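**Student:** here is the input, now give the coordinates:
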Amino acid sequence: MSTNLNVILSDIEYEILKMMTIVEGEEGEKLRNLLRYYIFNLPELRSAKYALKRVENKEEIESYLREVWAAYELMDNPTEVWKEERINKLTTDLIELNVLLRTGEKQYVPANKFRSLYKMLLHDIATESRDMDEYSASSVATIQLLMEFGAGVLSKEMIRDGTILLNEGWLFVYATAMKKAREFMKTKKMFPEAATIKASIKKV
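**Tutor:** Down below sits the predicted model:
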């Protein structure tokens with residue numbers, strides 16, 4: 001649902017708005033684009049700051065994670081039973097937050113910035129929480145990014161559904177790749193002589 005706002009600006013504020021080169025548009029459209037610019041730059045945090053926020057918001061993040069896994073207890077892929085209206089509303093909201101980009105008719109991909117931050121957080125979370133499985137780490141990374149991109153205004157339902165949609169659609173592939181890499185490294189450590197034999201064969 002859209003909301004119309006009447007904004008009264010002082011002469012100086014209006015002149016500043018007109019002179020802004022970081023956003024395009026006129027009057028109301030420029031204000032809207034300015035908001036988009038603000039949202040786009042909001043999650044620009046370093047790895048250490050995200051780590052600190054995970055500690056500060058630990059209980060909230062864990063409550064969101066429980067909501068996500070509760071949906072998976074009912075079926076393997078919750079999105080399969082979602083109505084088209086629910087998916088359309090969710091994708092529209094995620095596009096507004098610069099989380100998704102539209103690439104065609106009902107075709108979307110995660111925005112580059114979101115994807116890059118996700119990869120960073122997935123690595124950090126999986127590294128700091130060795131006992132956490134890769135798919136939980138993926139969900140925590142997605143939850144934390146939605147909290148940041150949404151600037152604290154997203155409902156619990158949207159964070160839950162957004163996490164499930166993003167993971168099922170695009171992000172779980174990274175968790176799967178990490179899982180396979182970890183399993184390979186465990187095998188390598190269990191059978192170090194195999195690696196030595198392989199190296200010897202290469203030399204021959």
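
**Student:** packing partners of the strand or helix carrying Lys180?
**Tutor:** Assigned by DSSP states H and E, Lys180 falls within helix 172-190. Applying 3 or more Cβ pairs under 8 Å, 6 or more residues apart in numbering; DSSP states H and E, one finds that helix 172-190 contacts helix 112-128, helix 134-149. (Glycine included, C-beta is placed from N, CA and C.)

**Student:** would you mind giving those helices as CSV with mean neighbour count, mean pLDDT and distance to Leu100 added?
**Tutor:** CSV is the format used below for those (neighbours: other Cβ atoms under 10 Å; pLDDT from 0 to 100; distance: least, Cβ to Cβ, whole Å):
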stretch, mean neighbour count, mean pLDDT, distance to Leu100
helix 112-128, 17, 95, 8
helix 134-149, 24, 97, 10
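
**Student:** and the helices in the chain?
**Tutor:** Applying DSSP state H to the chain gives helices spanning 11-19, 28-41, 47-56, 58-74, 84-96, 112-128, 134-149, 156-166, 172-190, 192-203.

**Student:** mind splitting this protein into its structural domains?
**Tutor:** Listed by automatic domain parsing, the domain ranges of the chain are 11-40, 45-192.

**Student:** can you redo these as TSV with distance to Asn4?
**Tutor:** Conversion of those to TSV gives the following (distance: least, Cβ to Cβ, whole Å):
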stretch	distance to Asn4
domain 11-40	9
domain 45-192	16
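
**Student:** which of those domains is buried the deepest?
**Tutor:** Comparing the domains of the chain by mean neighbour count (mean count of other Cβ atoms under 10 Å), domain 45-192 comes out on top with a mean of 16.

**Student:** mean pLDDT lowest for which of the domains of the chain?
**Tutor:** Per-segment mean pLDDT for the domains of the chain reaches its minimum on domain 11-40, at a mean of 84.

**Student:** for it, the distance to its chain's centre please.
**Tutor:** Distance, stretch centre to chain centre, for domain 11-40: 26 Å (Cα atoms, centre = their mean, to the nearest Å).

**Student:** by how many degrees do the helix holding Lys180 and helix 134-149 diverge?
**Tutor:** If you take axes from the mean of the first three to the mean of the last three Cα atoms, to 10 degrees, helix 172-190 sits at 140 degrees to helix 134-149.

**Student:** quick one: contacts for the spatially most central residue of the chain?
**Tutor:** Nearest to the mean C-alpha position of the chain, by Cα atoms, centre = their mean, lies Thr142 at 3.8 Å. Residues in contact with Thr142 (Cβ atoms under 8 Å, 6 or more residues apart in numbering) are Tyr118, Gly162, Thr163, Leu166, Asn167, Leu171.
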